[in-house]
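Colleague: Generate a structure from the sequence data that follows.
(one chain, ligands or ions: 2)
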Amino acid sequence: MIEMKDIVREGHPALRTVATEVTFPLSDEDKKLCHDLLEYIINSQDEELSIQYGLRPGIGLAAPQVNVSKRVFALHIVEEGKKPLSIVAINPKIISHSVEMTYLTSGEGCLSVDRDVEGYVPRYARITIKAFNPDGQEYTMRLKGLHAIAFQHELDHLNGVMFYDHIDQAAPFRDIPNAIPFE
Ligand SMILES: O=C(O)C[C@@H](Cc1ccccc1)[C@H](O)SCc1ccccc1
Ligand code: NI
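Modeller: Ligands and ions are numbered 1, 2, ... in the order given. Prediction:
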């Protein structure tokens, strides 16, 4: 299982590298990677396991964050009264997006960043994505809200982008044009 010691921190070159597409059928190693990424996020959201293993809670984790430069990430988002999102996205792409933007009013964090970086991170409010699951089946989804934000955060990791790259350092909390805040 992945633990915090396996997660690389800012400054590590893997976080600034454009990751490589995965080929199908998946190797046993890639199948284990997909399993382990999703397992970490689920474990990190379990009160007992997160305390027992010292896991920082997360809703997403990308392969480059465990020093594997492959285009794979996992999301596991369970919100009260909303449809849960639990996916492994392989070779993911945003195929269309809204003009409208959004941002988390609390700002963003990252399992690979051991400090608070304040400021609004502009994200597309709604996105249509396509990706492959571990069986090699392509799927398409329309995402909004936290699902869309998290998908964009993880996709950034596959392109060597960190969330704070999007923050306007001159005015971190400046209003973002055409954006609906996400509380
Ligand atoms: O480091 C990662 O990629 C996991 C990120 C994912 C994420 C960050 C900001 C916004 C959306 C997703 C976080 O550690 S997950 C922690 C978290 C939990 C609930 C809501 C937002 C962030
Ligand atoms: Ni991150």
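
Colleague: pLDDT value on the closest residue to Glu183 other than its chain neighbours, please?
Modeller: Leaving aside its sequence neighbours, Glu183 sits nearest to Thr105 (Cβ to Cβ, 6 or more residues apart in numbering; 5.5 Å). C-beta here means a position set from N, CA and C on the backbone, and glycine is covered the same way. On the pLDDT scale, Thr105 is placed at 98.

Colleague: OK, contacts around Ser96?
Modeller: Residues counted as contacts of Ser96 (Cβ atoms under 8 Å, 6 or more residues apart in numbering) are 127-128.

Colleague: one more time with 10 Å, if that's ok
Modeller: Neighbouring residues of Ser96 by Cβ atoms under 10 Å, 6 or more residues apart in numbering: 124, 126-130, 142.

Colleague: and the helix or strand hosting it, which strands flank it?
Modeller: Ser96 belongs to strand 85-97 when assigned by DSSP states H and E. According to DSSP bridges, strand 85-97 forms sheet pairs with strand 72-77 (antiparallel), strand 126-132 (antiparallel).

Colleague: Which strands or helices does the next helix or strand after it pack on?
Modeller: Counting by DSSP H and E, the next helix or strand C-terminal to strand 85-97 is strand 101-104. Judged by 3 or more Cβ pairs under 10 Å, 6 or more residues apart in numbering; DSSP states H and E, the packing partners of strand 101-104 are strand 123-124, helix 145-158, strand 179-182.

Colleague: Next, the residues that contact strand 101-104 from outside, please.
Modeller: Residues from elsewhere that reach strand 101-104 (Cβ under 10 Å, 6+ apart): 119-126, 144-146, 148-150, 152-153, 163, 166-167, 173, 175-183.

Colleague: List the contacts of the residue nearest the centre of the chain.
Modeller: Centroid-nearest residue in the chain, with Cα atoms, centre = their mean: Glu154, separated by 2.5 Å. Glu154 sits next to 37, 59-65, 72-75, 89, 92 when contact means Cβ under 10 Å, 6+ apart.

Colleague: I appreciate the help and will end here.
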